[in-house]
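Undergrad: need a structure here:
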Amino acid sequence: MAWLYWLIAIIFFTIAEALTVSMISVWFIVGSLVAMFVSLFGGTVTWQIISFIVISTIGLIIYLVWIKQRLTRNDKIIERTNADRILEQEGIVIQTINPIENTGLIKVKGQTWSANSYEEQIIEKDTIIIVKEIKGVRAIVIPKN
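TA: Purely as a prediction, here's the structure:
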């Protein structure tokens, strides 16, 4: 029955990873998956927790020390991997961006994003924009002109 808790953890961490752009929760998904298999093969709760912690920690360390260094050099991204792929890309406003009401949606490269304007201005629907940065799960945009 403990495997069910690990399955719930996998779902939780998958949702958390989908809502962020940091590639951190993915290592907890892997750790939860290993712990779930330990549970299915009769491992005790102690071994399940140990396997979760060890696998998650190893994955996180490898990512932070080895992989992330190869993706960045001198704080400049070499290969865009996630949400940063839309930086400097054109898109279109599909719901008026209003910083006062904290509303606004854009479509960039086929994806819909919540958006704020770079200069705290209202940007009307159907305006062509350029994505300048990502803050959390919001694209920060300027009108193209």
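Undergrad: after the helix or strand bottoming out on mean pLDDT in the chain comes which helix or strand?
TA: Within the chain, confidence by mean pLDDT, DSSP states H and E is lowest for strand 76-77 among all helices and strands, at a mean of 54. Downstream of strand 76-77, the next assigned helix or strand under DSSP states H and E is strand 90-98.
Undergrad: And that following strand, what's buried?
TA: 91, 93, 97 (16 or more other Cβ atoms under 10 Å). C-beta here means a position set from N, CA and C on the backbone, and glycine is covered the same way.
Undergrad: Need the residues that contact it.
TA: Applying Cβ atoms under 8 Å, 6 or more residues apart in numbering, the external contacts of strand 90-98 come out as 103-109, 112-113, 115-117, 122-131, 139, 141, 144.
Undergrad: Give me the angle between the next helix or strand after that strand and strand 90-98.
TA: Where DSSP H and E defines the elements, the next helix or strand beyond strand 90-98 is strand 103-108. On the basis of axes from the mean of the first three to the mean of the last three Cα atoms, to 10 degrees, strand 103-108 is oriented at 180 degrees to strand 90-98.
Undergrad: Let me know the next secondary structure element after strand 103-108.
TA: Downstream of strand 103-108, the next assigned helix or strand under DSSP H and E is strand 111-117.
Undergrad: Apart from its neighbours in sequence, what residue is nearest Phe28?
TA: Phe13 (4.4 Å; Cβ to Cβ, 6 or more residues apart in numbering).
Undergrad: End to end on stretch 109-120, go ahead and measure it.
TA: 24 Å (Cα to Cα, to the nearest Å).
Undergrad: May I see the buried residues of stretch 28-43?
TA: 28-36, 38-39, 43.
Undergrad: Save those residues as a markdown table, and put in distance to Ile86 and pLDDT too.
TA: Output for these, formatted as a markdown table (distance: Cβ to Cβ, whole Å; pLDDT from 0 to 100):
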| residue | distance to Ile86 | pLDDT |
| --- | --- | --- |
| Phe28 | 25 | 95 |
| Ile29 | 24 | 95 |
| Val30 | 26 | 96 |
| Gly31 | 30 | 96 |
| Ser32 | 29 | 96 |
| Leu33 | 29 | 96 |
| Val34 | 33 | 97 |
| Ala35 | 34 | 96 |
| Met36 | 34 | 96 |
| Val38 | 39 | 96 |
| Ser39 | 39 | 96 |
| Gly43 | 42 | 93 |
